[in-house]
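>>> Could you look at this predicted model? Sequence included:
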Amino acid sequence: MASDKDNTANISLIEDFRPRLRKLIEVEFVLDHLNFLDNDNKDLIRTKARKESNLKAVDQLIDTIIRIRPLPNGWFREFVDALSAGGCKHAAIYVQDSPPCPALEAENDNCVRLIELLSPSLLEMKTTDVCLDCFARGILTPEDREIILAECKNRGNMGGARELLRRIVRFPPGWFSIFLKALQVTEHPDLFKELTGESPGDNLIEPVVGVSDEPGVLMAVNEAPGNVDHMVEEGAVEAAENSFLPEQETLNNSVISMHLDEPSEADAETAGCVAAAAESPPKAVIVLRDYQMAVARPALEGKNIIICLPTGSGKTRVAVYITKEHLDSRRKEGRPGKVVVLVNKVPLVEQHYSTEFWKFLKNKYKVERVSGDSQLKISFTDIVQKNDIIICTAQILENYLERAHSGDDDGIKLSDLSLIVIDECHHTQKGGVYNHIMIRYLKQKHKNAKLKKEQKDTMAIPQILGLTASPGVGGAKKIEKAEEHILRICANLDAYKIMTGNLGENKKEPHKKIATAEERKEDPFGDVIKGIMNAIHIHAELNPTCDLGTQNYEQWVVQKEQNAAKEENQKVRVCAEHLRQYNEALYLGKTIRMWDAFSFLDKYFDEELKKKVAPEDEEAIIKTDTERFLFTLFKDSKVKLQELAKLPQFENNSLAKLRTKILHEFTSREKARGIIFTKTRRSAIALAQWVQENSKFEEVGVKACHVIGGGGQSVVKPMTAAEQRDVLNKFQNAEINLLIATTVAEEGLDIAACNFVIRYELVTNEIAMIQARGRGRAEDSSYTLVAGEGSGVAERESVNEYREKMMSKAIDKVKKLDQEEYEKRIKEFQIQAIMEERVRTTKKKQKGMKKESPSKVKFSCRSCNKPVCSGEDVEIIENMHRVNVTPQFKELFIQRENTSLVKRLLDYETNGFIACKDCGQRWGSMMLYRGIECPCLHVKNFLVMYDEKRKNINKWSELGIQLPAFDYAEHARSVAESSEDEESM
């Protein structure tokens, strides 16, 4: 009979392991075996699971058990047995106070995390086959099998896969290697490789890691010559010290070697833990090729370098190796090591984390990632302190460096870091965020030199490692200027050398072709649009100075719109807005289908008309004479445009060339996989639709999808990082074999090797050309430029080719410089950069935040010029969102739902927009911040009056006036009081 003391101890045990139990218990199956709970309590728990979540149901189960008084005899044994019988054996292990050792527990957590990270790919498994194999191997219960198969039947393969993954991770450690075996047996080599980094058939157990004779290679013992016994005799402990295993695991391996003789009880327990740990995922190894090891060597000696290798040649893998060696050496010397990996795009944070740094270094070092998309509301300073390697966007580090510089305790200093890795380091110029960080570094370096002369203490600065596929020439026309550009980048990164590699047989250069399309002889669709635009010119008394449908015209009409807004000339402003849309339609008609151009215009006018329709119970929104003229103009031409858009004989010839090229690639290759780069998000989406709707492409096996950027500047809805990852995973797994992308896919993103790359009516600079071409990494790949005759695209491509050759010559010249001469020139550029930064800072302070009352700033509607508010009405949330929560402002706008705007983070969400009650002009979004509705203003939608001057401002940072911080407590109190007043009425 259990005593009260035993019951108290058992309840305390359950409470202590509650966080683990919440993840490991499936209440539905456990309840069937719990007889000491009455049916009413069971029904309540089941309802909680069904209506809310299993996690909350587990909490209710534990709370219910704790509340029972008196507890019946044998309740604890029954609870443990119920967990085991209900398929929750891992939970039963914890409840019996027999949790895995810390090393095994951490290893199992890593396995679970890996499954979560790679779940988008794993959902594509053949679920029924994997389920039956996992059941046969004992990591699924009969109930699990029934539910997974039912889920497959009712919700499809992916629904079943999601259920399978949710259930296998609840099993005790060892499930991962069994799951890998199931993937191997059911013929999932790609998924196996994604989880392990190895091909199926390799031994899944890696008891000890040794060092191979080949430089830059770490290999498992079971891959090395001889057997484990031989390795132990020849010094397994020494080999383990250089391994990927953490210190604790290195010790455990030495314990295994003692266990081969005569184990003690303690040794046997530890060895058992390690033996079980061997069932978890294999430790990934880093293998560097000769050219990679050659470029890494100076960095391994602690020197700052730039590694310049082509796209797809393994720059990031080299950086991982250098990071590991850097941390290893500092650990051996008893010095702290801290590595920050900087990237310039949010998707690269997750990519570098999951596919490189965490994958290879997770067993020895703590790796974490942070970006603007992160929902972790934890201080970046804490993350840096608690981890060894941090992957983040550069702006986050710069923000915290600035905090420290301003005296904030919650900041980061350069001396806190021992190595900074800068990805796509050619951006370290022209005042970019990389350059801001490096200017701080250079200032401290030169200050240290002065302190050293004065025999004073210096401040530690980190080692710098820059990565790039192409530093470019910075617009240089002569080799001397190109050389200067390379030297400036080397100076900005304080590089001892710029390292390039001879790839030899590993170099894969695609065959280059230019496909020129004849100019369209007739364009009746474009002629109608130009006729509309000329009618608008006459109405607004505008005289364009450039051809319609060009970039120059776009710039001209934007300038006209901005000037008209300042002058409160609504007639010209509205006409200029419409002319921009027609100009975009002309571009789409020239490059994509006429139907895409028509659909774009039709959607634009449909949305504009909706703006003029007030919500129920609101006064009608007024249309001006100019707006009526513009709406009528499109309406009168709409039918004609619609008819012309359906006539294939007038389609542009560039599209015909593209069609021929795609069909050739997919009919001449056994497995075609390619990327088409295009200029705008809208054209990428339209091209993807064109491919998907064309039956000829379907016949040859083309499966296309678009991938576009995640920034919010464009009117086209951006892709989230998760959506980008999903598309790229499908491309990796061959569910998609043709990507249509904007320049987001040119730089940095890890995209599967392609055997053809097409740039469609797109030329930027030599860096983008090199990076786009580098996507064609497969054997016998091709790189094609499709361009219209007379467009100038082919000519600009030739200029880029010339610049690429000039860049290679310039890099060679820089490498051949005498080291003393090189360092002299580098120092001159660094001093110049520091002086230029001081001048910029002085000017910025002069133009910076003025110590004047925000009430001097007035905001009016950009469309109808109605006065809206003053600066004193606007407050800042989290130094980011400008909101106006005054009752007066609430009377001036209408609120509309817009599901495409929905964005949810930890403290706030946006789910609609606000617009002027008089004219329908959008003013911003409605944000729900910690339960309070806050109208959030977008300054570009307002005309700003300051110093008796009207200004067009696109960013709040351009305003130059310090606005007050949002007082959440005060506003929450006034909202509560207002609610109480309403209730009492």
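Alright, I've got the coordinates.
>>> what about the stretch 201-350 of the chain, any weak spots by pLDDT?
201-285 (pLDDT under 70).
>>> where do the helices sit along the stretch 301-450 of the chain?
Under the criterion DSSP state H, counting those that start in this stretch, the stretch 301-450 of the chain contains helices at 315-332, 346-352, 358-361, 380-386, 394-405, 433-453.
>>> next SSE after the last one?
Meaning helix 433-453. The helix or strand immediately downstream of helix 433-453 is strand 463-468, counting by DSSP states H and E.
>>> Could you tell me how far that following strand lies from the centre of the chain?
21 Å (Cα atoms, centre = their mean, to the nearest Å).
>>> Quick one: mean pLDDT over it.
Strand 463-468 carries an average pLDDT of 94.
>>> Equivalent analysis for stretch 502-516, please.
Average pLDDT, stretch 502-516: 64.
>>> Which one, of the helices of the stretch 301-450 of the chain, ends up nearest to Asn534?
Smallest distance to Asn534 across those (Cβ to Cβ): 43.1 Å, for helix 346-352. In this view, the C-beta of every residue, glycine as well, is placed from N, C-alpha and C.
>>> Confirm Ser860 sits in a strand?
Yes - counting by DSSP: H, G, I helix; E, B strand; the rest coil, one finds Ser860 located in a strand.
>>> number of nearby residues for it?
Residues near Ser860, counting by other Cβ atoms under 10 Å, number 19.
>>> mind listing what it touches?
Lys866, Pro867, Val868, Phe942, Leu943, Met945 (Cβ atoms under 8 Å, 6 or more residues apart in numbering).
>>> Which among those residues count as buried?
Neighbour-count burial (16 or more other Cβ atoms under 10 Å) applied to these gives Val868, Phe942, Leu943, Met945.
>>> Now stretch 45-65 - C-alpha only, CSV.
What follows is stretch 45-65, C-alpha atoms only, in CSV (Å, rounded to 0.1, in the frame of the first residue of the first chain):
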residue,chain,number,x,y,z
ILE,A,45,-10.2,15.4,-21.1
ARG,A,46,-11.3,13.9,-24.5
THR,A,47,-13.3,17.0,-25.2
LYS,A,48,-10.3,19.2,-24.4
ALA,A,49,-8.2,17.2,-26.9
ARG,A,50,-10.8,17.3,-29.6
LYS,A,51,-11.7,21.0,-29.3
GLU,A,52,-8.4,22.5,-28.3
SER,A,53,-5.3,20.4,-28.5
ASN,A,54,-3.6,17.3,-27.2
LEU,A,55,-1.1,19.4,-25.2
LYS,A,56,-3.9,21.1,-23.2
ALA,A,57,-5.6,17.7,-22.7
VAL,A,58,-2.4,16.3,-21.2
ASP,A,59,-2.3,19.3,-18.8
GLN,A,60,-5.9,18.6,-17.8
LEU,A,61,-5.1,14.9,-17.3
ILE,A,62,-2.1,15.7,-15.0
ASP,A,63,-4.2,18.3,-13.1
THR,A,64,-7.0,15.8,-12.7
ILE,A,65,-4.7,13.2,-11.2
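>>> Of all the residues in that stretch, which ones are buried?
The neighbour-count check on stretch 45-65 (16+ other Cβ under 10 Å) flags Ile45, Lys48, Ala49, Asn54, Ala57, Val58, Asp59, Gln60, Leu61, Ile62, Thr64, Ile65 as buried.
>>> need those residues in a markdown table with pLDDT and distance to Ser599, can you?
Formatted as a markdown table, the buried residues of stretch 45-65 follow (pLDDT from 0 to 100; distance: Cβ to Cβ, whole Å):
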| residue | pLDDT | distance to Ser599 |
| --- | --- | --- |
| Ile45 | 88 | 52 |
| Lys48 | 86 | 48 |
| Ala49 | 84 | 46 |
| Asn54 | 83 | 45 |
| Ala57 | 87 | 48 |
| Val58 | 87 | 50 |
| Asp59 | 86 | 51 |
| Gln60 | 88 | 52 |
| Leu61 | 88 | 54 |
| Ile62 | 87 | 56 |
| Thr64 | 86 | 58 |
| Ile65 | 85 | 61 |
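>>> Tabulate those (JSON lines), appending secondary structure and distance to Glu665.
Converted to JSON lines, those look like this (DSSP: H, G, I helix; E, B strand; the rest coil; distance: Cβ to Cβ, whole Å):
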{"residue": "Ile45", "secondary structure": "helix", "distance to Glu665": "58"}
{"residue": "Lys48", "secondary structure": "helix", "distance to Glu665": "55"}
{"residue": "Ala49", "secondary structure": "helix", "distance to Glu665": "51"}
{"residue": "Asn54", "secondary structure": "helix", "distance to Glu665": "48"}
{"residue": "Ala57", "secondary structure": "helix", "distance to Glu665": "53"}
{"residue": "Val58", "secondary structure": "helix", "distance to Glu665": "53"}
{"residue": "Asp59", "secondary structure": "helix", "distance to Glu665": "56"}
{"residue": "Gln60", "secondary structure": "helix", "distance to Glu665": "58"}
{"residue": "Leu61", "secondary structure": "helix", "distance to Glu665": "58"}
{"residue": "Ile62", "secondary structure": "helix", "distance to Glu665": "59"}
{"residue": "Thr64", "secondary structure": "helix", "distance to Glu665": "63"}
{"residue": "Ile65", "secondary structure": "helix", "distance to Glu665": "64"}
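>>> Thanks a lot, catch you later.
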